[in-house]
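A.B. asks: what's the 3D shape of this:
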Amino acid sequence: MAQQQLQAENEARAKAQAEAQRLAAEAQRQAEEARQARIRAIETAGDDAAKNGQFQIALENYQQSLSGIARYSVEDQRVRQAIINVVHSMQTPPAAPESVTRSMVRAEMRLKEGGAGAYEDAAKEMEQAVLEAPWLANAYYNLGIVKEQAGKFDEATQDFQLCLLADPRAQNTEAIKVKIYQLEVLKEDQDKLQALQGTWKEANSDWQWSLTVNDKRIVLEQMGSSNPIRIEADVQGRGLQGIWSMPAYTPSGVFHDIWSVVYWHTCTRPNETEPLTGTISDDGNSIELKFPTQEYQETLKDWMAVVDDHDPDRCQSLALLGKTDVTVKIERVH
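C.D. replies: All right, here's what the predicted structure looks like:
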């Protein structure tokens, strides 16, 4: 009876939690719909004002709606284009607030300081500038350069497109168009590289590898090994160039006889770090890796000495013979 009551209580609790989650999700959905409705109403008011030649009112409405829209979304691009068109319709373009100059100077200082996160920090400052004065071509151009350097190729493309719209007669118009076309190629390469992430299997072997991507570098780590090989390589097109490393390890084994079991160790191999090259197949489903590995000649103690002395260390000496070139092919696990 007690067990049935406990089960009923657990079911009631689970049902109440599910209902609470449903209500929370519904509330969030309604809040998002209300937010979007407010933004659409403000944007519509801007459209109406622009049609009636009330450009300052249109600009104010568009900027108000812009603050509630996710940056680089379709809506964001549409509203910024509307703002630029309205500013072009004004007899005298609006002056940029002093805070815009402050943001641009701060961004320049972040880049000069350099260090980790410099591009991200500079981009935050520049984003504030194009939020307060979203009609400035130069601000979009500078932001596009920073986004490109940060590897945000889609975002950089949008900023360069807005730059061209804001100042279609700029002297560097053709150079910006070329840069946009170049970014298309960089984005395609970036997407192909990101698609490599996941689990890979070594051909003709049970070894599996985990592949992750960091910017233009891949990291391969052997899975399930007590002394896993790690590979870090920069990617240029379909080529790889980097290093492979393996920590020091001691091969071991076990000896069984009628009376006892003896665990033993051979000679410890030192850690290795060697240069590596590789090639990614055209379809992205296989990678061929080439690297040298050290070859050793080991001399082991006699079996009976190990058993009689109960000494698990069989190593007597280890001599480096040289290096052998190895080719390893790994394939994507689908």
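A.B. asks: could you report the neighbour count for residue 263?
C.D. replies: 10 (other CB atoms under 10 Å). Where you see a C-beta, it was placed from the backbone N, CA and C, and this is true even at glycine.
A.B. asks: residues touching it, list them.
C.D. replies: 252, 253, 254, 255, 312 (CB atoms under 8 Å, 6 or more residues apart in numbering).
A.B. asks: name the element it belongs to?
C.D. replies: Using DSSP states H and E, residue 263 sits in strand 261-265.
A.B. asks: check which element follows that strand along the chain.
C.D. replies: That would be, after strand 261-265 and using DSSP H and E, strand 272-280.
A.B. asks: so for that next one, mean pLDDT?
C.D. replies: Strand 272-280 comes out with an average pLDDT of 95.
A.B. asks: distance from that strand to the middle of the chain?
C.D. replies: 22 Å (CA atoms, centre = their mean, to the nearest Å).
A.B. asks: likewise for stretch 279-295?
C.D. replies: The chain centroid and the centroid of stretch 279-295 are separated by 23 Å under CA atoms, centre = their mean.
A.B. asks: same thing with stretch 7-15?
C.D. replies: 42 Å.
A.B. asks: just stretch 71-89 next, same as before
C.D. replies: Relative to its chain's centre, stretch 71-89 lies at 28 Å (CA atoms, centre = their mean).
A.B. asks: which residues touch it?
C.D. replies: 39, 43, 46-47, 50, 55, 58-59, 62-63, 65-66, 69-70, 93-94, 127, 130, 134-135, 154-155, 158, 162, 165-166.
A.B. asks: low pLDDT regions in the chain?
C.D. replies: 1, 255-260, 262, 305-311 (pLDDT under 70).
A.B. asks: helices of that one, start to end?
C.D. replies: For the chain, the helices defined by DSSP state H cover 2-51, 55-66, 74-89, 98-113, 118-132, 137-149, 153-166, 173-194, 303-309.
A.B. asks: so what does the longest one touch, helix or strand wise?
C.D. replies: Counting contacts by 3 or more CB pairs under 8 Å, 6 or more residues apart in numbering; DSSP states H and E, helix 2-51 packs against helix 55-66, helix 74-89.
A.B. asks: will you turn these into CSV that also has mean neighbour count?
C.D. replies: Shown next, in CSV, are these (neighbours: other CB atoms under 10 Å):
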stretch, mean neighbour count
helix 55-66, 20
helix 74-89, 18
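A.B. asks: got JSON lines for the ones you listed, with distance to residue 202 too?
C.D. replies: Compiled in JSON lines, these are given as follows (distance: least, CB to CB, whole Å):
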{"stretch": "helix 55-66", "distance to residue 202": "52"}
{"stretch": "helix 74-89", "distance to residue 202": "43"}
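A.B. asks: for those, which one sits closest to residue 319?
C.D. replies: helix 74-89 (66.2 Å; CB to CB).
A.B. asks: just the buried residues out of the contacts of stretch 71-89, in PyMOL syntax.
C.D. replies: The PyMOL selection below is limited to those of the contacts of stretch 71-89 classed as buried (16 or more other CB atoms under 10 Å):
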select buried, resi 39+43+46+50+55+58+59+62+63+65+66+69+127+130+134+135+155+158+162+165+166
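A.B. asks: before we move on, back to that, out of the contacts of residue 263, which comes closest to residue 204?
C.D. replies: Using CB to CB, these come closest to residue 204 at residue 253, 23.9 Å.
A.B. asks: who does the closest one form a beta bridge with?
C.D. replies: With DSSP bridges applied, residue 253 shows beta-bridge pairing to residue 264.
A.B. asks: OK, contacts around it?
C.D. replies: 263, 264, 266.
A.B. asks: would you turn the residues you listed into TSV with distance to residue 15?
C.D. replies: Shown next, in TSV, are the contacts of residue 253 (distance: CB to CB, whole Å):
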residue	distance to residue 15
263	55
264	60
266	61
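A.B. asks: on that earlier part again, JSON lines please, covering the contacts of residue 263 and showing distance to residue 171.
C.D. replies: JSON lines is the format used below for the contacts of residue 263 (distance: CB to CB, whole Å):
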{"residue": "252", "distance to residue 171": "71"}
{"residue": "253", "distance to residue 171": "74"}
{"residue": "254", "distance to residue 171": "77"}
{"residue": "255", "distance to residue 171": "81"}
{"residue": "312", "distance to residue 171": "77"}
